[in-house]
Each structure stands twice: as structure tokens, then as C-alpha cells.
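**Q** predicted structure and sequence below. I'll ask about it afterward.
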Amino acid sequence: MTENDQMEHYNARNGATGKTLTNSQFSEGWAVAEIMHDSINKTGRFAEKLGDFAHAYSRTEKFDQLKAETIIRDLYEERYGQLMKETLDELLAQEAKLPETARPEALRQANRIKEIIEKGETKPFYRALDHAGYTLADHLGITETGAKNLMREVYREEYGRELYADGKAWEKEFHQPVRESARQAREAKRNQTRSRARA
């Protein structure tokens, strides 16, 4: 935890909402605030997930779902210095005014997906897409969903093909053989261990 994180935590713990909570209530609410922040950055939505978490949070406490939602919102504001809606509005505003460099960067990230699947610690398509989408979203200051949509769009424009279809083909060509080889190696090791145990 950085010094800034420690200060935010301290201020929130001693703030109007934080000081009314037990240690465990505060810790859970603080963690949910982080989950909400990640969710907004990923999907560009928060209302449904906030309702779900508030319901779960309130089930074991002496406050109702509405109070739980208020606590999460307050702790979010303490932690990130803005309301959830303000975080979302900033991301959407950034998506609406992307710089000229956004499209070439989106194509570069889309093209990296094949390399991610093929080389190093190979990944299935969905994980490679997630990695590239996260990287692009962070670079452009937009949601991961917006970044993935932009990658799909520029890829289609550049190659006349769908990124999903090509990604699944790369997965079949590069990832599946590695995964199958690893599965067979694990199975052989299990069989060898069983054989030794019987001897």
C-alpha cells in the first residue's frame, strides 16, 4: 500500500461514514468500492453490480440494502475522490473524443493478440483479447469494453475479417496444441504416481 493509499484509507476510516462502521464492515465496504471502480473501468456500467453487492453486503449486517449501497457509494467517493457516475462520465467523455493516434494504437494492440497467443506463456483468445483491451483502455483512458470494440472495428476495416474469428483460429493453431501437450504431461505424471503407489 503506497503512502497515498494509506492516507486515503485513514481519511475514509475516520470520515463521516467510515467511523460509524465496525472494522470488518469498513474492510468489506472498502473492498467493494475497489471492485466497483474496476467494474466501471471494465464495462462502463455499475448500477446492477452495485445493487448485487449492496444486497450481499447487507445480508449479514444490521442495515438494509439501501444503507449498504449508500455506504459503498460514500467509501467509493472517499477512495477515488469522485462519485461512481463521475468516473463513468469521464471515461465516456474520453471515448467520445479519442485522439487521432487511438485508431493506429487500437490496430497495433489487435495485432498483438496473435503474438500473445502464439509466444511465451500461450493464452487462449479471450485472455489475449482481455490483455490487449486492458492495455489499450489504460493507454487511452477509456473503458475496456470501449477499447475492445475499437480494436474489433479497426481490425475489420484493415483486414476485412473479424478479430474474433481470427483469434479463435490462432487459438486453435497455437494455444490448443500447447494446452493438450500440458494436459497429456499431467496425465502421464498422475499415471506414473499411481503406478508407483501400487508397486
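**A** Cool, got the structure.
**Q** Asp74: which element?
**A** helix 65-80 (DSSP states H and E).
**Q** sorry, wrong one. I was asking about Lys123.
**A** Here Lys123 is covered by no helix or strand, with elements defined by DSSP H and E.
**Q** is it true that it touches His131?
**A** Yes - contact criterion CB atoms under 8 Å: Lys123 and His131 qualify, at 7.2 Å. From N, CA and C alone the C-beta is placed, and that goes for glycine too.
**Q** overlap of the contact sets of the two?
**A** By CB atoms under 8 Å, 6 or more residues apart in numbering, Lys123 and His131 have these common neighbours: Ile116.
**Q** between these two, which one's more packed in?
**A** Higher neighbour count among Lys123 and His131: Lys123, with 20 against 15, using other CB atoms under 10 Å.
**Q** gap between the helix holding Asp74 and the chain center?
**A** Relative to its parent chain, helix 65-80 has a centroid offset of 20 Å by CA atoms, centre = their mean, to the nearest Å.
**Q** packing partners of it?
**A** With contacts defined as 3 or more CB pairs under 8 Å, 6 or more residues apart in numbering; DSSP states H and E, helix 65-80 has these neighbours: helix 3-13, helix 23-43, helix 47-59, helix 84-96.
**Q** and with 6 Å instead?
**A** Counting contacts by 3 or more CB pairs under 6 Å, 6 or more residues apart in numbering; DSSP states H and E, helix 65-80 packs against helix 3-13, helix 23-43, helix 47-59.
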